[in-house]
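Trainee: Okay, here's the prediction I keep looking at, along with the sequence it came from:
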Amino acid sequence: MMTTRVLAMSASAGVSRARWAWLAAGAVALLVWPLFVNEPFFLHIATLALLYTIGAASLHLVLRIGHLSLGHAAFLGLGGYTSALLTTALSWPFAAAFIASGLVPAVVALIVGPIVLRLRGVYFVLITFTFGEVVRLVFTEWQSLTGGADGIFRIPPPHALLASKRAYYYFALAMAVACVGVVARILASQTGRFIDAIREGERLAQSSGVPILRFKVMVFAIACGLVGLQGSLLAHFITFVAPGAYAFNESLNLLVMNVIGGMGSLTGPLVGAVFLTALPEFLRGWVELQRFLYGVVLIIVMLFVPGGLVELGRRTIALVREPEGRDA
């Protein structure tokens, strides 16, 4: 019995060491590769991928409480427009505008959350889709404030030192690590256990003393605040915001990032964000076939790997390790 326990502890320690080794290797790669790459295109795509990990991770929080939102792009837009308007029209410093870009979507989520989070299933999907379209129409029709369909141009970078692609990449990397770290910390805490309990069974969680609606609203507000921060970072990176950038397709993209990456853990949306940000860009050489090839890749992954790209990676590692185990 004692031998079995020791072996189990040794195996667990080995897995932990391997995980930390992979994390360290990934961190070094993320920090080092831009120093040897002078191609602006790759830096641009990498920065976009980092920014979209924030949005995908924030939506993962909403999915973990058992709700499928198709209005997440509305909060992305609220963050983007807030930061753009404050820095261009009112000449606010970026730091203040960045904080406001997270607070405004979070406050809106606190207002609408107690209403929409009482709905479940298709009703929640429809109401979030409707909310997203209403916000997009406000961006389009309120021309005196938002510039209408033309949007807002010449949004300044956060700082003069971040005007280059490489500098903004490192800035986006730091912001992505911070925001995704917040999500990871929430999921690993007591709050995360409450979130999983609510997803598994609301009545059982409520009978155990979990305040269901209060926790849902809190998680929803945090998720919307985080995607608002992504909206600010994205607006200052692209230097432009317009209503079309926050349409239904953008909400769908964030959802697909979670599905195709794998919804079982936080790693899934991160992998999905990188994959779905890079894939369309690298298919631009086949303009006529781009959408077809993009669709084929998505269908293949979703049909044959239901757990997403994370499951595919685990299967690959298992296949590689299996012959090694047999040889041993």
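Mentor: Okay, I see it. Numbers count the residues shown, from 1 in each chain.
Trainee: what's around residue 235, how many residues?
Mentor: Residue 235: 28 surrounding residues under other CB atoms under 10 Å. Quick note: C-beta positions are derived from backbone N, CA and C, even for glycine.
Trainee: what's the answer for the one 3 residues further on, then?
Mentor: Residue 238 has 16 neighbours, counted by other CB under 10 Å.
Trainee: Leaving out sequence neighbours, find the closest residue to it.
Mentor: Sequence neighbours aside, residue 155 is the residue nearest to residue 238 in space, at 7.8 Å (criterion: CB to CB, 6 or more residues apart in numbering).
Trainee: what sits against the one you found?
Mentor: For residue 155, the contact set (CB atoms under 8 Å, 6 or more residues apart in numbering) comprises 83-84, 87-88, 235-236, 238-241.
Trainee: just the buried members of those?
Mentor: Listed as buried from those are 83-84, 87-88, 235-236, 238, 240-241; burial here means 16 or more other CB atoms under 10 Å.
Trainee: follow-up on the earlier one: which phi and psi does the residue nearest to residue 238 have?
Mentor: Note on residue 155: its backbone torsions stand at phi -70, psi 130 [degrees, to the nearest 10].
Trainee: Relative to residue 82, how far out is it?
Mentor: Look at residue 155 and residue 82: by CB to CB, to the nearest Å, they are 12 Å apart.
Trainee: still on that earlier bit, okay if I get the contacts of residue 155 as JSON lines plus distance to residue 222, secondary structure and pLDDT?
Mentor: Formatted as JSON lines, the contacts of residue 155 follow (distance: CB to CB, whole Å; DSSP: H, G, I helix; E, B strand; the rest coil; pLDDT from 0 to 100):
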{"residue": "83", "distance to residue 222": "18", "secondary structure": "helix", "pLDDT": "97"}
{"residue": "84", "distance to residue 222": "23", "secondary structure": "helix", "pLDDT": "97"}
{"residue": "87", "distance to residue 222": "24", "secondary structure": "helix", "pLDDT": "96"}
{"residue": "88", "distance to residue 222": "27", "secondary structure": "helix", "pLDDT": "95"}
{"residue": "235", "distance to residue 222": "21", "secondary structure": "helix", "pLDDT": "97"}
{"residue": "236", "distance to residue 222": "22", "secondary structure": "helix", "pLDDT": "97"}
{"residue": "238", "distance to residue 222": "25", "secondary structure": "helix", "pLDDT": "95"}
{"residue": "239", "distance to residue 222": "28", "secondary structure": "coil", "pLDDT": "95"}
{"residue": "240", "distance to residue 222": "27", "secondary structure": "strand", "pLDDT": "94"}
{"residue": "241", "distance to residue 222": "23", "secondary structure": "strand", "pLDDT": "96"}
